[in-house]
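Visitor: this is a predicted model, with the sequence first.
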Amino acid sequence: MKDKLKGLVAGLLIGTMITGSAALAANTQAIQVTITNMSLYFNLEKKTTNKTINYNGTTYVPVRAVSSAIGQEVTLKNGGLYIGRQPKNTSITKEQAVKLVKAKYGYDSSSIYVEVDHMEDNNYVVHVYEVVMDDEETGHTATYGWYHVNKTTGKITSMF
């Protein structure tokens, strides 16, 4: 029950913050807000008092205050807001991305090339191909696949 309540509070808070941020970014007009000191309770137990912003009937609470009240760590990382379990601080290297793709799809032949082609956002783009010789002087590549490997999580997604 506590986990469900924590998830509900975190979800509502994140949704409120995203909605508030989008509305603020879209409008450049001045708005009237009220800043209030408000006590934050969790399971009927007072955890802290913090400044909140009241606008159009909605109360905005700092996420750090809420996460502290529910005993969870909060971090902004890789364009995301993490409350509770945090992402690992290590990043997947290019070499690790290649190894992950080889292991997942069984590319272990010496004639198959598995290479990081470039980066897109937080993903390595891995190209898997074979060089096929048409005759003694000319050849072409035969692509087996293109994959995104998330630099933070190591999750592999096929681009096909």
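Guide: Right, received. Where do you want to start?
Visitor: break this protein into its domains for me.
Guide: If you go by automatic domain parsing, the domain ranges for the chain are 2-83, 94-158.
Visitor: ranking those by mean pLDDT, which is last?
Guide: Ranked by mean pLDDT, the domains of the chain bottom out at domain 2-83, which scores a mean of 81.
Visitor: and the gap between the residue with the largest distance to the centre of the chain and residue 113?
Guide: Taking CA atoms, centre = their mean as the measure, the residue most remote from the mean C-alpha position of the chain is residue 136, 48.2 Å away. Between residue 136 and residue 113 the distance is 21 Å, computed by CB to CB, to the nearest Å. All C-beta atoms are positioned from the backbone trio N, CA, C, and that covers glycine.
Visitor: next: residue 66.
Guide: 49 Å.
Visitor: of the two, who's got more company?
Guide: For the pair residue 66 and residue 113, the greater number of neighbours falls to residue 66 (23 against 15), based on other CB atoms under 10 Å.
Visitor: that one falls within a helix, correct?
Guide: Yes: per DSSP: H, G, I helix; E, B strand; the rest coil, residue 66 lies within a helix segment.
Visitor: quick one, phi psi at the most centrally placed residue in the chain?
Guide: Ranked by distance to the mean C-alpha position of the chain (CA atoms, centre = their mean), the top residue is residue 80 at 4.9 Å. With angles defined as degrees, to the nearest 10, residue 80 shows backbone torsions of phi -130, psi 160.
Visitor: mind listing what's buried in the helix or strand where residue 146 lies?
Guide: Here residue 146 is covered by strand 139-150, with elements defined by DSSP states H and E. The neighbour-count criterion (16 or more other CB atoms under 10 Å) identifies 144, 147-150 as the buried residues of strand 139-150.
Visitor: which of these sits closest to residue 84?
Guide: Distances from residue 84 to those, taken as CB to CB, are shortest for residue 150 (19.6 Å).
Visitor: in contact with the closest one, which residues?
Guide: Residue 150 makes contact with 92, 122-123, 156-157 under the criterion CB atoms under 8 Å, 6 or more residues apart in numbering.
Visitor: in ChimeraX, select just the buried ones from these.
Guide: Here is the ChimeraX command that picks out the buried ones among the contacts of residue 150, judged by 16+ other CB under 10 Å:
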select :92,122,123,156
